[in-house]
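S.K.: Fold the following, please.
(chains A and B)
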Amino acid sequence: AQSVTQPDIHITVSEGASLELRCNYSYGATPYLFWYVQSPGQGLQLLLKYFSGDTLVQGIKGFEAEFKRSQSSFNLRKPSVHWSDAAEYFCAVATNTNAGKSTFGDGTTLTVKP
Amino acid sequence: NAGVTQTPKFQVLKTGQSMTLQCAQDMNHNSMYWYRQDPGMGLRLIYYSASEGTTDKGEVPNGYNVSRLNKREFSLRLESAAPSQTSVYFCAIGGSTDEQFFGPGTRLTVL
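M.R.: Presented below is the predicted three-dimensional model:
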């Protein structure tokens, strides 16, 4: 069975600073990997996904993530954070079988300081 | 195109009461899911449906039942609500490459 770990429960960065959110997964084969964002009181929105090809993927809102098979990681990055990026971020892993069920990490809450 | 809709948005129940959470989609996806979200615990899968007419248990199914009424609708029922079921419930649907699209959530409080 697959699993996802987000080591950082809470991260605080200054507006304009760079951001990296960590995600590690456990799965025997190449998984499908996702990052979602959740603003307060809202549902989750897909930021980006990886399932094959180029290991650096671009997403919405200026985010990118890099799949590193050797480290079982899929870290999310943004070069310059905006105050509107404050939210909770979830990493998820799925396989290409089993009804497309995803396993979600526990989330990382991002606070942006002015 | 509303995507995924959920009703109600908020609900307060007394212990032992029953209720049904409704989810509907207009994106024509086969897979539908029910999650609960609790602080510090991420999303936990309650039940899912890979296609119309099929349902399967997820990680935390106890105390819940589901019905996949047709391709569009997937309901979650609490037969006898307990305070431990106080949570935010999300319905999601599965995309073509396994990404999921989420509804806005139902905030349930059981007193």
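S.K.: which residues of chain B fall in strands?
M.R.: Along chain B, counting by DSSP state E, strands occupy B:4-7, B:10-13, B:19-25, B:32-37, B:43-49, B:56-57, B:64-68, B:74-78, B:87-94, B:100-102, B:106-110.
S.K.: same question, chain A
M.R.: A:3-5, A:10-14, A:19-21, A:24-26, A:32-38, A:44-50, A:56-58, A:64-68, A:73-78, A:87-94, A:102-104, A:108-113.
S.K.: Quickly, which of these bottoms out on average pLDDT?
M.R.: For the strands of chain A, mean pLDDT drops lowest on strand A:102-104, to a mean of 89.
S.K.: Which neighbouring elements make contact with that one?
M.R.: Contact partners of strand A:102-104 among helices and strands, from 3 or more Cβ pairs under 8 Å, 6 or more residues apart in numbering or on different chains; DSSP states H and E: strand A:3-5, strand A:87-94. C-betas here are computed from N, CA, C, even on glycine.
S.K.: So, low pLDDT: which residues of chain B?
M.R.: B:1-2, B:96 (pLDDT under 70).
S.K.: and chain A, which of its residues are near chain B?
M.R.: A:9, A:32, A:34, A:36, A:41-46, A:49, A:51, A:90, A:92, A:94-96, A:99-102, A:104-107 (Cβ under 8 Å from any Cβ of the partner chain).
S.K.: Going through these, which ones are buried?
M.R.: A:32, A:34, A:36, A:43-44, A:46, A:49, A:51, A:90, A:92, A:94-95, A:99-102, A:104-107 (16 or more other Cβ atoms under 10 Å in any protein chain shown).
S.K.: Now distance to B:D38 too, for the strands of chain A, in CSV please.
M.R.: What follows is the strands of chain A, written out as CSV (distance: least, Cβ to Cβ, whole Å):
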stretch, distance to B:D38
strand A:3-5, 17
strand A:10-14, 17
strand A:19-21, 21
strand A:24-26, 22
strand A:32-38, 13
strand A:44-50, 15
strand A:56-58, 30
strand A:64-68, 26
strand A:73-78, 23
strand A:87-94, 13
strand A:102-104, 12
strand A:108-113, 14
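S.K.: can you pull the contacts of B:G16?
M.R.: Contact criterion Cβ atoms under 8 Å, 6 or more residues apart in numbering or on different chains gives B:80-81 as the residues in contact with B:G16.
S.K.: before we move on, back to that, and of the helices and strands packed on strand A:102-104, who's closest to B:C91?
M.R.: Between B:C91 and these, the shortest gap by Cβ to Cβ is with strand A:87-94, which sits at 16.0 Å.
S.K.: Hey, what's the angle from that closest one to strand A:32-38? Just curious.
M.R.: Angle of strand A:87-94 versus strand A:32-38, following axes from the mean of the first three to the mean of the last three Cα atoms, to 10 degrees, is 160 degrees.
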